[in-house]
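A.B. asks: attaching a predicted model along with its sequence, questions to come.
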Amino acid sequence: MPVFPDKLHRQIFFGDDALSHLEKFLSEKYRGVQKFILTDENTSVHCLPVLLKNIPELKSAIVLSMKSGEKNKNLVSCIDIWKQLNTNGAMRNSLLLNLGGGVLCDTGGFSASVYLRGVDFIHIPTTLLSMADASIGGKTGIDLDGMKNRVGAFSFPQAVVSYPKFLDPLPQREINAGFAEIIKQALLCGDRLWNMVKQVEPGTKKIKEEIISETLLFKAGIVADDPYEKGRRAIFNFGHTIGHAIETCSLIHHEDSLRHGEAVAAGMICALYLCTELENFPKELSEEISLFIKAWFPWLRIDFADDEIISHIRFDKKKSGKPIRFILLKKIGEPVITEKVTEENIRSAIGVARSYLLK
Ligand SMILES: NC(=O)c1ccc[n+]([C@@H]2O[C@H](COP(=O)([O-])OP(=O)(O)OC[C@H]3O[C@@H](n4cnc5c(N)ncnc54)[C@H](O)[C@@H]3O)[C@@H](O)[C@H]2O)c1
């Protein structure tokens with residue numbers, strides 16, 4: 001399958017031959033360069049052996065590690081990665097390959113972007129969410145004091161290498177979480193992608209490659225026109241304003257916190273209600289989509305007080321001094337950026353989403 005030349009990510013390789021493309025890319029661009037592979041305790045077991053088998057040249061790479069999970073997307077992990085790079089003599093022209101999900105790509109990408117004022121890195125996403133979304137777009141970063149993505153940088157990888165077979169050992173819960181971002185992208189993209197996505201049976205393990213590639217290409221296209229999110233790129237925050245606040249609550253209260261995609265799923269149900277209230281989005285369609293999302297997450301609940309969720313949304317407001325910005329939909333494929341959502345609207349939306357999730 002395809003190679004997508006892309007002015008920001010240099011190359012996006014997707015499909016069964018993605019690793020052979022990577023092998024060629026490395027020998028053309030990084031021959032003789034010292035390479036590091038960042039893994040976590042899951043990707044070192046499930047993905048690293050496959051990578052090394054397919055690209056024998058990488059057997060000489062130094063394997064670095066970080067702990068998995070959103071709770072480790074933080075400065076402690078970065079310091080540890082910088083120390084591992086330092087101890088192993090990484091230089092300005094070294095290359096870091098980030099082999100993992102969104103947490104690892106965000107943390108590894110950020111670590112690389114400031115180590116020695118920036119070393120090259122390549123994302124090799126191994127979760128559905130990171131293939132379809134997180135590896136694309138050059139956003140790297142970490143959480144701070146439980147607040148999502150507080151510290152980071154726009155820094156583009158030299159290549160993104162998505163090899164769908166890496167998804168085979170991924171637990172179903174992570175597939176579902178990734179599918180939430182695919183639903184989001186489809187609603188933003190338009191009827192063609194949405195019609196493909198809505199036919200996927202909730203709980204499906206193997207997502208069609210065409211859906212993943214269409215989703216990532218849609219994002220890459222928008223990012224190419226607005227790499228630093230000065231305008232339209234902000235649409236990808238659909239479902240995220242409330243979703244991030246729910247995720248933050250969960251990180252504080254739950255030992256096994258909600259996955260990012262799960263929180264976004266809840267946030268999207270809230271946002272869909274706001275679309276019907278404020279943007280005349282058709283009510284039946286909003287219900288149909290909300291029930292489809294719910295079917296992917298039958299166990300999902302919003303079990304935090306409204307005030308707490310809102311306090312995490314307000315944090316943004318207080319900091320920027322601006323009204324809260326929301327992404328809503330007028331119709332599928334027609335997102336709008338608006339600042340007219342009130343606190344009362346948000347409370348109603350959370351209430352409605354809570355009851356949907358109980359249906
Ligand atoms: N940078 C961006 O533009 C962007 C966009 C969307 C989301 N994100 C971020 O992505 C993160 C969520 O990423 P995620 O959903 O990939 O979760 P994740 O990175 O936490 O990975 C989920 C789990 O799956 C494991 N895993 C990874 N690959 C595996 C495989 N092939 N087989 C078995 N287990 C595997 C991981 O070790 C982890 O335990 C959040 O921090 C979110 O903020 C970033």
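C.D. replies: All right, it came through fine. Numbers count the residues shown, from 1 in each chain.
A.B. asks: elements contacting the strand ranked longest in the chain?
C.D. replies: When the chain is parsed with DSSP state E, its longest strand is strand 147-154. Applying 3 or more CB pairs under 8 Å, 6 or more residues apart in numbering; DSSP states H and E, we find strand 147-154 packed against helix 102-114, strand 139-144, helix 240-253. Placement of C-beta: from N, CA and C, glycine included.
A.B. asks: would you mind measuring from I235 to L285?
C.D. replies: 18 Å (CB to CB, to the nearest Å).
A.B. asks: which of the two has more residues huddled nearby?
C.D. replies: I235 (23 against 15; other CB atoms under 10 Å).
A.B. asks: quick check: chain neighbours aside, which residue is closest to the more buried one?
C.D. replies: Nearest residue to I235, sequence neighbours excluded (CB to CB, 6 or more residues apart in numbering): P335, at 4.3 Å.
A.B. asks: just the element for the one you found, please.
C.D. replies: Here P335, judged by DSSP states H and E, is contained in strand 334-338.
A.B. asks: same deal with L291?
C.D. replies: helix 283-296.
A.B. asks: so which bits of the stretch 201-350 of the chain are right by the ligand?
C.D. replies: 259-261 (CB under 6 Å from any ligand atom).
A.B. asks: let me see the ranges of the helices in the stretch 51-200 of the chain.
C.D. replies: 75-87, 102-114, 128-129, 172-189, 191-197 (DSSP state H, counting those that start in this stretch).
A.B. asks: what's the closest of these to I350?
C.D. replies: When these are compared by CB to CB, helix 172-189 sits nearest I350, at 17.4 Å.
A.B. asks: which other helices and strands does that closest one contact?
C.D. replies: Counting by 3+ CB pairs under 8 Å, 6+ apart, helix 172-189 packs on helix 128-129, helix 191-197, helix 209-225, helix 260-279, helix 283-296.
A.B. asks: thinking again about what came up before, quick check on the residues of the stretch 201-350 of the chain next to the ligand: which are buried?
C.D. replies: 259-261 (16 or more other CB atoms under 10 Å).
A.B. asks: need the contact list for the closest residue to N72 other than its chain neighbours.
C.D. replies: Among residues not flanking N72 along the chain, M66 sits closest, at 6.3 Å (CB to CB, 6+ apart). Counting by CB atoms under 8 Å, 6 or more residues apart in numbering, M66 makes contact with 38-40, 72, 77, 80-81, 104, 107-108.
A.B. asks: what about the nearest residue to A245 once chain neighbours are set aside, distance to D306?
C.D. replies: Of all residues not flanking A245 in the chain, H312 sits nearest, at 3.8 Å (CB to CB, 6+ apart). Distance of H312 to D306, computed by CB to CB: 11 Å.
A.B. asks: cool, I37 as well?
C.D. replies: 44 Å.
A.B. asks: more neighbours, the two?
C.D. replies: I37 (25 against 16).
A.B. asks: shouldn't that one be within a strand?
C.D. replies: Yes. With DSSP: H, G, I helix; E, B strand; the rest coil as the criterion, I37 is assigned to a strand.
A.B. asks: got the confidence number for it?
C.D. replies: At I37, the pLDDT value in this model is 99.
A.B. asks: interface residues of the stretch 51-200 of the chain facing the ligand?
C.D. replies: So the stretch 51-200 of the chain meets the ligand at 68-70, 73, 100-104, 106, 126-127, 129-130, 133-134, 137, 139, 148, 166, 169-170, 174, 177-178 (CB under 6 Å from any ligand atom).
A.B. asks: can we see that at 5 Å?
C.D. replies: Counting by CB under 5 Å from any ligand atom, the stretch 51-200 of the chain comes close to the ligand at 68, 101-103, 126-127, 129-130, 133-134, 137, 139, 166, 169-170, 174.
A.B. asks: please indicate which of those are buried?
C.D. replies: Among these, those classed as buried by 16+ other CB under 10 Å are 68, 101-103, 126-127, 129-130, 133-134, 137, 139, 166, 170, 174.
A.B. asks: report the buried residues of stretch 195-211.
C.D. replies: Going by neighbour count (16+ other CB under 10 Å), the buried part of stretch 195-211 is 196-197, 200, 207, 209, 211.
A.B. asks: fine by me, we can end here.
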